[in-house]
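>>> With the input below, show me the fold.
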Amino acid sequence: MTIQANNGYKLPSAIEVTGASYTYDDTTGVIALSNPSDNITITAVCTEVQQGYNVVASVTNGIYSGPTHISSGETKTATITPGSQYGLPSEVTVTNATFDYSDDTGVITISNPTGTVSITVVCLEQLKAPYIEIVNNSPTMISFSILGASQQAEDGMTWADWVDSEYTDSYWVIGNKVSDGGMNVCYNSVDVAPTDLIVADRVYSKQSGGGNTK
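Residues are numbered from 1 along each chain as shown. Sure thing, here's the model as predicted:
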């Protein structure tokens, strides 16, 4: 008698026979029985043929690292590495196999091939955030006092700048003096000049000088 394997299966390398002597050819499947002593039982298990398929990958803007061949019953993994300034896509395309893909690691797991496995991946360009220079146009303020009265000015202001600014309406430039209309602003008994810079945290005073008003 002869054992024939179904399509996609192959003959076993050994079989089991009880109740008789036998010989078995695993190439042809022929079983020769002799010397029966009881009911004869023959057990043969044909196994599935492991078919091999090519794995073809097309990766745009990246690199494929993985198998080029897979057999039925196997599970294999491949990794996609995006090129410089590119990122992994959220999805990939795989045909003729079951697959799983991680868009965090770029790993593709392939199993159950039914034909040539085709993998298509397009890595996407990563958009750079636009460079925005934030310019702070707000002036740096300083504080000082005149005869105990707290005042404010912008850092780098001269007295002439200050009397023309929004920070005071009580002082004027009269000649080469800074006056409140009756007394001149001074420091260490020396009158300040309109071109002098106002010094932060300095305590200025006043002294008699007389003057005009705006």
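>>> Tell me the backbone dihedrals of the spatially closest residue to T75 that is not a sequence neighbour, please.
Closest residue to T75 apart from its sequence neighbours, by C-beta to C-beta, 6 or more residues apart in numbering: S111 at 4.2 Å. Just so you know, the C-beta spots here come from the backbone N, C-alpha and C atoms, and that holds for glycine as well. The phi and psi torsions at S111 (degrees, to the nearest 10) take the values phi -150, psi 170.
>>> and S111, how many neighbours?
S111 has 15 neighbours, counted by other C-beta atoms under 10 Å.
>>> Return the residues in contact with it.
Contact analysis of S111 by C-beta atoms under 8 Å, 6 or more residues apart in numbering lists E74, T75, K76, A97, T98, F99.
>>> how is this structure carved up into domains?
Under the assignment automatic domain parsing, the domains of the chain span 9-48, 52-125, 141-208.
>>> Now render those as CSV, adding mean pLDDT and distance to T2.
Formatted as CSV, those follow (pLDDT from 0 to 100; distance: least, C-beta to C-beta, whole Å):
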stretch, mean pLDDT, distance to T2
domain 9-48, 94, 5
domain 52-125, 95, 26
domain 141-208, 95, 105
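>>> Extract the C-alpha set from stretch 48-58 and format it as CSV.
What follows is stretch 48-58, C-alpha atoms only, in CSV (Å, rounded to 0.1, in the frame of the first residue of the first chain):
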residue,chain,number,x,y,z
GLU,A,48,2.9,20.7,6.2
VAL,A,49,5.5,21.8,3.7
GLN,A,50,7.3,25.0,4.8
GLN,A,51,7.0,27.2,1.7
GLY,A,52,9.4,30.1,1.4
TYR,A,53,8.6,33.6,0.1
ASN,A,54,10.7,36.6,-0.8
VAL,A,55,10.3,39.8,1.2
VAL,A,56,10.6,43.0,-0.9
ALA,A,57,10.8,46.4,0.9
SER,A,58,10.4,49.9,-0.6
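>>> tell me how far it is from the chain's mean position?
Remark: stretch 48-58 is offset 34 Å from the chain centroid, using C-alpha atoms, centre = their mean, to the nearest Å.
>>> which outside residues touch that stretch?
By C-beta under 8 Å, 6+ apart, stretch 48-58 touches 8-10, 64, 66-74, 76, 78, 96, 110, 113-121.
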